[in-house]
Each structure stands twice: as structure tokens, then as C-alpha cells.
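Asks: Got a sequence here, can you build the structure:
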Amino acid sequence: MRHSRVAVFMLLLPTLIAAGQKSPHGGHPPLSSPRFELPPGTEEVTIPFRLVNQHIELPIMVNEQGPFHLTLDTGMPSQEIGLHDSGKVDALHLAYLDGANLKVSGAGGSGEAKSARVATGLSCRMGGLEILDAGAIILPPIPGFAAYSDGVIGALLFRHFTVTVDNDRSVVILRRPGSYRPPEGAAIIPFTGEHPAPFVEAKVRVGEGESVPVNLVVDLGATHAVSLNEKEGGGIAAPRSAIATRIGRGLSGPLMGRVGRIRALELGGLTLTDVVSTFPDKEYRSPRGMDSRDGNLGNGALNRFNVTFDYAAGRMVLQPARRFTEPFEWDMSGMQAEPARDGSIRVNTVLVGSPAAEAGIQENDVVSRIGGVKVDTGSYFELREKLRKDGDAIAVELQRDGKTIEVSLKLRRLI
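Replies: Next up, the predicted model:
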């Protein structure tokens, strides 16, 4: 079977120390016609998830193999699942469409769009949900991201179900459209605008001034709390104390900008305070021409709620979760790192004047231990949380030019 369709969609994946930014753009005509089967007599299924690097990772069996761990992402426009090219994918022995010309591209750097293979006729299973005749787009692996995620899933679920992310119980609930009723007292926020991912109205207060209304794209796959596009005379500007640094990673390379705190982020009358926010440099605000409006609402804020995405009714429903009042924190070491292709955790940025700089850590050092615990791609994302505790002294072991270097970092808030 031959397909002559050509499609390009955004795939921006977050860095693993700095807050990430990610908002796919565009979409393509469906390459598959999936069918969904719930257990007899039920209208919903509940699927446990694990939270890694602020990403919701759902287990899914593909052709009875796996599980594959896929990132749940409102910004994934395709109604196929995305799978990172790997040995696990090779073991599926998929039948790829002959002549399907699909391209993927993303923000960060200036890399060209990359070709992706397409397969159809897959059977997938998530909890009690069966997805028949599903499609898959085989994506190039992203440095770091593919260390813990096998791919991404988005429109395949959001376009066919009402999706509740219960962060208190670490489960995702999929309901047939029309069967969901918002809990009494929940905040109901309408979706606005046309986009593969929804937009919502919010308010931000950056400094001492008044709150400013903003229109934000909802991006469950982004690790930051909120990313704001600066506007002259528009009331949105990075605080003077914001740090210029690498704020994310896209398919084509790193994204640059500043990180700082805003006084408040208001969503449907619910207010988060002292929120760590990113402010992308101008060239990264509308990557590949994407309509990003005033910015991007990520899971760093959304995971403070139990949140329901009701595409059929055009709304997002929020209830404060247990983490609602937890303080927002950012890395306190000044050392940004991510998994390299060889599996090591390698430093890519050292902030001037930070504890890491004062300890003599250098770019390209390999991080081998944090707090005495061995670092690898499996442990890194949990261990790095130790670098976000103000006042702690943390031992870090590094490898440089074949030598072992041990330093002690006195952590402090950098923003």
C-alpha cells in the first residue's frame, strides 16, 4: 500500500535539568483508523502512571510486547502513537507503509526535518482498553528523553476520550465523551482558539504590578510550570534577576532563554505563587512558525492539580491536588546535565557564579555519583532532586580525562 502524504509536525523535547519547552505544531491526515474497545459494561478505564522528569509515563503493550512507556502529551497532534527508534521497536517486526513520506522537525538549533517511518494495523492495550488498527510513527531518538521514555501518545487519547490525570493517585482515567461530570466546586476553564493543542486564558503577575491576561497553549508534555513570551508594552518581561541559560531541548537542538520567578499564575480563579518560569529568547518563541501566543502552560504547574481534559466539551477542569501549595524550585547547583548517547550523564552547562562553578565543575564532565549514589540513566532523574534543597551540602563525583574528581556543592537558590 502506498501513501503520498507529506506531513511535518513539531516535536520539542525538554532538557533534563532546566525546565523544558515543548509544543508540537500542525498535524497530518490520520494514517490509521483506530478502534477502541472498553471492558464490557464499562464506560471508563483507569491506568496507573509513573512521573519521570515531570513527564506522565503510561505503560502500553504493542502487539502483545512491552510494556512501552509513552509520555502523555496534549501537544502530540498525531492520532498515531510515536515510538522512538530502538531495539524494542525492531523486535516488533512492524510492517511499514511503502512510500509514506512523513517528516518530523522541532525547535532548538537549526537542524533539518528528519524522515520518519509509519506502520499501521497495530494492536495496543492500556489497562482494560484495547486499541485496534492503531498506527505508529517511528521517531528519531532524542538525546536524554529516550533514556526513560519509549515515545509519546496524545491525540489518539484526547480526541476520543475525556482524560483525567489524577496526580493524587498517580492514575489516568479515560472516559467515553459525554459521561464525565465535573466535581462540584471545580474550576472550569474553556479552551480557546484553533490548534492541535488547546489554549486557555490565564493571568500572570510578573512583578509588583497588576496581573496581566495571557493566552497559553496547554502542553502536558512540557516540564516547566509556565513559559512566557516577552512583549514590549504588554506587561510580560523577565524579572531583572532572571538567569540567562539553556531552558530546553528540541529535536533540532537546545533552546535558550532566561529563568526567573513570577509572583503569581492564576488559572480559573486558582492561584499559584512564586512560580519558576522560563522566558525563551525571541528566536525560540514561535519555533517553525508555531502559534504560541503568550506562552506555554506545562506540567510543572498542571501537576499541582487533578486535571481533566474534556476536548468534546471544549474545557479543562482543575481541582487542587495535595501538591498545590508546595513551593516551586529550580536547580540549585548551577550544573545542567543530560544523558549522552553513550549512556553517561554529561554536564552541558555550568552557570557562572554558581555552586558548581565555584567547585570547579566543567562542561563535558561525566557525573558518576550524586550523594554517594551511582548515577545512570535510570537513577539520574530521581537523584537530581537532591540538587534542589536549599542549604544542603551534596557530594558529587565526576569523571574527567580518565580521572575521578570529588567535589562538595553547597546548594543555594539561584532564582
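
Asks: which residues are in contact with whichever strand or helix holds residue 118?
Replies: Using DSSP states H and E, residue 118 falls within strand 114-126. With contact meaning CB atoms under 8 Å, 6 or more residues apart in numbering, strand 114-126 is reached by 3, 31-32, 45, 47, 58-64, 80-81, 94-97, 100-105, 130-140, 174, 251. Bear in mind the C-beta positions are built from the backbone N, C-alpha and C, glycine included.

Asks: Okay, buried residues for that strand please.
Replies: Using 16 or more other CB atoms under 10 Å as the test for burial, strand 114-126 gives 116, 117, 118, 119, 120, 122, 124, 125, 126.

Asks: Figure out how far that strand is from the centre of its chain.
Replies: From the chain centre to the centre of strand 114-126 is a distance of 21 Å (CA atoms, centre = their mean, to the nearest Å).

Asks: Begin at 45, not 1, for the rest of this chat.
Replies: I'll keep to 45 as the first residue from here, and by that count the last item is strand 158-170.

Asks: Just list what the next helix or strand after it packs against, helices and strands only.
Replies: For strand 158-170, the succeeding helix or strand toward the C-terminus, using DSSP H and E, is strand 173-183. In terms of contacts (3 or more CB pairs under 8 Å, 6 or more residues apart in numbering; DSSP states H and E), strand 173-183 is packed against strand 79-81, strand 125-128, strand 145-149, strand 158-170.

Asks: Would you single out the least confident of those strands?
Replies: Mean pLDDT is lowest for strand 145-149 among those, at a mean of 65.

Asks: Let me see the ranges of the strands in the stretch 145-294 of the chain.
Replies: 145-149, 158-170, 173-183, 195-197, 206-210, 215-219, 231-236, 243-249, 256-263, 270-272, 287-294 (DSSP state E, counting those that start in this stretch).

Asks: Repeat that for the stretch 345-459 of the chain.
Replies: 349-354, 359-364, 379-383, 389-394, 410-414, 417-418, 437-444, 447-454.

Asks: So for residue 429, which of those sits nearest?
Replies: strand 410-414 (9.7 Å; CB to CB).

Asks: Name the strands paired with that closest one and say parallel or antiparallel.
Replies: strand 389-394 (antiparallel), strand 417-418 (antiparallel), strand 437-444 (antiparallel) (DSSP bridges).

Asks: Now, of the contacts of strand 158-170, which are buried?
Replies: 75-76, 89, 91, 102-104, 106-107, 124-125, 138, 141, 144, 146, 148-149, 174-175, 178-183, 218, 295.

Asks: Just name the most buried of the strands of the stretch 345-459 of the chain.
Replies: Comparing the strands of the stretch 345-459 of the chain by mean neighbour count (mean count of other CB atoms under 10 Å), strand 379-383 comes out on top with a mean of 25.

Asks: relative orientation of that one and strand 287-294 in degrees?
Replies: 10 degrees (axes from the mean of the first three to the mean of the last three CA atoms, to 10 degrees).

Asks: Which strands and helices lie in contact with strand 379-383?
Replies: strand 287-294, strand 389-394.

Asks: quick one, that strand and strand 447-454 angle?
Replies: Going by the same axes, to 10 degrees, strand 379-383 makes 130 degrees with strand 447-454.

Asks: show me the residues around the residue lying closest to residue 96 once chain neighbours are set aside that make contact.
Replies: Of all residues not flanking residue 96 in the chain, residue 192 sits nearest, at 4.9 Å (CB to CB, 6 or more residues apart in numbering). By CB under 8 Å, 6+ apart, the contact set of residue 192 is 96, 97, 99, 101, 113, 421, 422, 425.

Asks: what's the spacing between the fifth one and residue 240?
Replies: Going back to what we said before, that points to residue 113. 23 Å (CB to CB, to the nearest Å).

Asks: Dump the strands of the stretch 345-459 of the chain to a markdown table, plus distance to residue 313 and mean pLDDT.
Replies: Formatted as a markdown table, the strands of the stretch 345-459 of the chain follow (distance: least, CB to CB, whole Å; pLDDT from 0 to 100):
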| stretch | distance to residue 313 | mean pLDDT |
| --- | --- | --- |
| strand 349-354 | 12 | 98 |
| strand 359-364 | 9 | 98 |
| strand 379-383 | 35 | 89 |
| strand 389-394 | 38 | 92 |
| strand 410-414 | 40 | 96 |
| strand 417-418 | 42 | 95 |
| strand 437-444 | 39 | 97 |
| strand 447-454 | 40 | 96 |
